[in-house]
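A.B. asks: okay, structure incoming, though there's no sequence with it:
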């Protein structure tokens, strides 16, 4: 009996532990695989038979039956080959079957007996470790992918015949270390951006509290550059997040020699032609979408008004819950999707609405048509709305930028402060932006004068309950950035200004006032 991991039946970052049972009975030679095996698994009997013979072994005489348990869940993928072959070798007396009880075996076999790499191995190893199995037999070509894992013993094999040495205890395992890996530097540094003092402040607030942010501005004003620069000030992922994110990338086959492990928050930029399935996830078997690939990182929607409105609205539930449930015939998958959303858009067709009335050539109807492409529920879920105006030459020349390291350290400190405050109340979150209204009232201390500004602003801006709570969360982040023990008037006033443009542009009647 050999245990392996089913690389396809994975819900989020968990995997299905499958027992491969090999049974040989006297009779006419026949090889069958049962246990709801998919087409790729049924084809493995041809690969396994050829590999066994070409490595110099004989197949057991009689009827060979391989059962994949549990038998009520469909099995897909080529990762079962090695475990099936090991069961046959054990049945033929080449391997001591009791020696394999403590191993997970994963690998695809070529016809000549070579063990080929498989996708999703990192997530399989994580699942095996959580099930208490620490010894994992993998293809030699997958070594770099799993060498960042700690607490497991890796047994790489290149040929099927290497299993004999493994059974005879002739080999020693490999152990990994997370400290041996680092991530490449961001392509755009926030310290390289001149001007945009207000916008850069908003980006730092968003990074500190993992707040969603919407940037509106003219063509070439710097929205995309600001969005990309947030990568330079995000702190590295923590150990559990590294394993979760790397598991998702492994499952999608996105890990390679240059990216064996994801150490920093992922940054996923979505094309305007993205489909709902590509964004949310789906297919058969279910494959994680862009929102899952952005888990614990950033999802950037550039030119968001050019994306189909139905596709954008599909983000509502994941933005609230931090995961997405994908239902397909016969099974339901729950995928992680705890991301920070950044949107960039032109406020009108010409893009110059915020540059001044004299520069905008759009009619109120044209402006409304552009702004209506984003629904109110999505706008409510975006914490910060910031106009991005083209900086003047005098502003560019006089601007002095802080180093990325200084800003990143501030972001890290704010996140640590929020995490500590939240843990004091035993809430299962790490930033204010993920707390409910009641939880925010418990964690945050808002001074009476600041509370008065909050209530008046909510009434004047006609904020929903969700937007009201978002405003409280932003004020808490700003308070921590300013080193205040409680939310003061200036903290709340700054938070309110990040919702004013919502009133001016997206509310009824606001367009006509601001249009040319």
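C.D. replies: All right, it came through fine. Computed from a prediction, not measured in an experiment: that's the story for all the values here. Numbering: from 1, shown residues only.
A.B. asks: could you pull out the strands for the stretch 301-450 of the chain?
C.D. replies: 323-328, 331-336, 340-345, 384-388 (DSSP state E, counting those that start in this stretch).
A.B. asks: deepest-packed of the ones you listed, please.
C.D. replies: Of all these, strand 340-345 has the most neighbours on average by mean count of other CB atoms under 10 Å, namely a mean of 24. The way it works is simple: take the backbone N, C-alpha and C, and place the C-beta from them, glycine included.
A.B. asks: just name whatever secondary elements it is in contact with.
C.D. replies: If you count contacts as 3 or more CB pairs under 8 Å, 6 or more residues apart in numbering; DSSP states H and E, strand 340-345 packs onto strand 213-217, helix 223-229, strand 298-301.
A.B. asks: what segments of the stretch 201-350 of the chain are helices?
C.D. replies: 223-229, 239-251, 276-280, 290-293, 309-313, 316-321 (DSSP state H, counting those that start in this stretch).
A.B. asks: before we move on, the earlier item: can you put the helices and strands packed on strand 340-345 in a markdown table and add mean neighbour count and distance to residue 333?
C.D. replies: Formatted as a markdown table, the helices and strands packed on strand 340-345 follow (neighbours: other CB atoms under 10 Å; distance: least, CB to CB, whole Å):
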| stretch | mean neighbour count | distance to residue 333 |
| --- | --- | --- |
| strand 213-217 | 26 | 29 |
| helix 223-229 | 22 | 29 |
| strand 298-301 | 25 | 19 |
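A.B. asks: about what we covered before: adding distance to residue 121, write the strands of the stretch 301-450 of the chain out as a markdown table.
C.D. replies: Listed next are the strands of the stretch 301-450 of the chain as a markdown table, based on distance: least, CB to CB, whole Å:
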| stretch | distance to residue 121 |
| --- | --- |
| strand 323-328 | 22 |
| strand 331-336 | 19 |
| strand 340-345 | 28 |
| strand 384-388 | 39 |
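A.B. asks: got TSV for those strands, with distance to residue 35 and mean pLDDT too?
C.D. replies: Listed next are these as TSV, based on distance: least, CB to CB, whole Å; pLDDT from 0 to 100:
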stretch	distance to residue 35	mean pLDDT
strand 323-328	20	85
strand 331-336	15	83
strand 340-345	41	96
strand 384-388	51	94
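A.B. asks: how about those, which one is nearest residue 218?
C.D. replies: strand 384-388 (8.1 Å; CB to CB).
A.B. asks: after the stretch of helix or strand residue 48 belongs to, next one along is what?
C.D. replies: Using DSSP states H and E, residue 48 maps to helix 44-54. Per DSSP H and E, helix 44-54 leads on to strand 63-69 as the next helix or strand towards the C-terminus.
A.B. asks: the residue nearest the centre of the chain: what's it in contact with?
C.D. replies: With distances taken as CA atoms, centre = their mean, the residue of the chain nearest its centroid is residue 295 (2.1 Å). Neighbouring residues of residue 295 by CB atoms under 8 Å, 6 or more residues apart in numbering: 244, 245, 248, 266, 336, 337, 338, 339.
A.B. asks: is it correct that the second one is in contact with residue 237?
C.D. replies: This points to residue 245. Yes. Applying CB atoms under 8 Å, one finds residue 245 in contact with residue 237, separated by 6.4 Å.
A.B. asks: one step back: for residue 98, find the nearest of the strands of the stretch 301-450 of the chain.
C.D. replies: So among the strands of the stretch 301-450 of the chain, strand 331-336 is nearest, using CB to CB, at 34.1 Å.
A.B. asks: gap between the helix ranked longest in the chain and the chain center?
C.D. replies: Secondary structure of the chain per DSSP state H: the longest helix is helix 404-423. Relative to its chain's centre, helix 404-423 lies at 21 Å (CA atoms, centre = their mean, to the nearest Å).
A.B. asks: what does stretch 51-62 give?
C.D. replies: Distance, centroid of stretch 51-62 to centroid of chain: 43 Å (CA atoms, centre = their mean).
A.B. asks: repeat for stretch 342-362
C.D. replies: 32 Å.
A.B. asks: show me what counts as buried in that stretch.
C.D. replies: By neighbour count, and taking 16 or more other CB atoms under 10 Å as the criterion, the buried residues in stretch 342-362 are 342-355, 360, 362.
A.B. asks: sorry, back to before: which of the contacts of residue 295 has the most neighbours?
C.D. replies: Within those, neighbour counts (other CB atoms under 10 Å) peak at residue 337, which reaches 29 neighbours.
A.B. asks: now do the contacts for that one.
C.D. replies: 291, 292, 294, 295, 318, 322, 323, 324.
A.B. asks: quick revisit: closest to residue 461 out of the helices and strands packed on strand 340-345?
C.D. replies: Among the helices and strands packed on strand 340-345, the nearest to residue 461 by CB to CB is strand 213-217 (15.2 Å).
A.B. asks: contacts for that closest one?
C.D. replies: By CB under 8 Å, 6+ apart, strand 213-217 touches 199, 202-203, 206, 223, 226-227, 304, 341-347, 351, 354, 379, 382-390, 501, 505.
A.B. asks: stretch 468-484 too?
C.D. replies: In contact with stretch 468-484 (CB under 8 Å, 6+ apart) are residues 204-205, 208-209, 211, 380-381, 383-384, 410, 414, 417-418, 431-433, 435-437, 440, 443-444, 446, 450, 454, 457-458, 463, 486-488, 490-492, 494-496, 498-499.
A.B. asks: let's see that with 7 Å instead.
C.D. replies: Outside stretch 468-484, the residues that touch it by CB atoms under 7 Å, 6 or more residues apart in numbering are 205, 208-209, 211, 383-384, 410, 414, 417-418, 432-433, 435, 437, 440, 444, 450, 454, 458, 463, 486-488, 491-492, 494-496, 498-499.
A.B. asks: buried residues in that stretch?
C.D. replies: For stretch 468-484, the neighbour count (16+ other CB under 10 Å) marks 468-481, 484 as buried.
A.B. asks: again, but for stretch 486-504
C.D. replies: Along stretch 486-504, these residues count as buried under the neighbour rule (16+ other CB under 10 Å): 487-488, 491-492, 494-496, 498-499, 501-504.
A.B. asks: just give the number of residues close to the closest residue to residue 85 other than its chain neighbours.
C.D. replies: Spatially, and ignoring its direct neighbours in sequence, residue 85 is nearest to residue 48 (4.8 Å; CB to CB, 6 or more residues apart in numbering). Neighbour count for residue 48, taken as other CB under 10 Å: 29.
A.B. asks: give the contact list for residue 48.
C.D. replies: Applying CB under 7 Å, 6+ apart to residue 48 gives the contacts 81, 84, 85, 88, 109.
A.B. asks: what of residue 318?
C.D. replies: Per CB under 7 Å, 6+ apart, neighbours of residue 318: 291, 324, 337.
A.B. asks: which residues touch the second one?
C.D. replies: Taking CB under 7 Å, 6+ apart as the contact definition, residue 324 lies against 280, 281, 291, 317, 318, 335, 337.
A.B. asks: please verify my assumption that the first one contacts residue 314.
C.D. replies: So that's residue 280. Yes. Between residue 280 and residue 314 there is a contact under CB atoms under 7 Å: 5.5 Å.
A.B. asks: looking at those two, which has the bigger crowd around it?
C.D. replies: Taking other CB under 10 Å, residue 280 and residue 314 do not tie; residue 280 has more neighbours (23 against 18).
A.B. asks: apart from its chain neighbours, what residue comes closest to the more buried one?
C.D. replies: residue 289 (4.7 Å).
A.B. asks: I'd like the helices and strands packed on strand 340-345 as TSV, with mean pLDDT appended.
C.D. replies: Output for the helices and strands packed on strand 340-345, formatted as TSV (pLDDT from 0 to 100):
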stretch	mean pLDDT
strand 213-217	95
helix 223-229	95
strand 298-301	97
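A.B. asks: right, and the ones you listed - which one's nearest residue 42?
C.D. replies: Nearest of the helices and strands packed on strand 340-345 to residue 42, taken as CB to CB: strand 298-301 at 37.9 Å.
A.B. asks: partners of the closest one in the sheet?
C.D. replies: Next to strand 298-301 in the sheet, as set by DSSP bridges, lie strand 267-270 (parallel), strand 340-345 (parallel).
A.B. asks: alright, that wraps it up for me.
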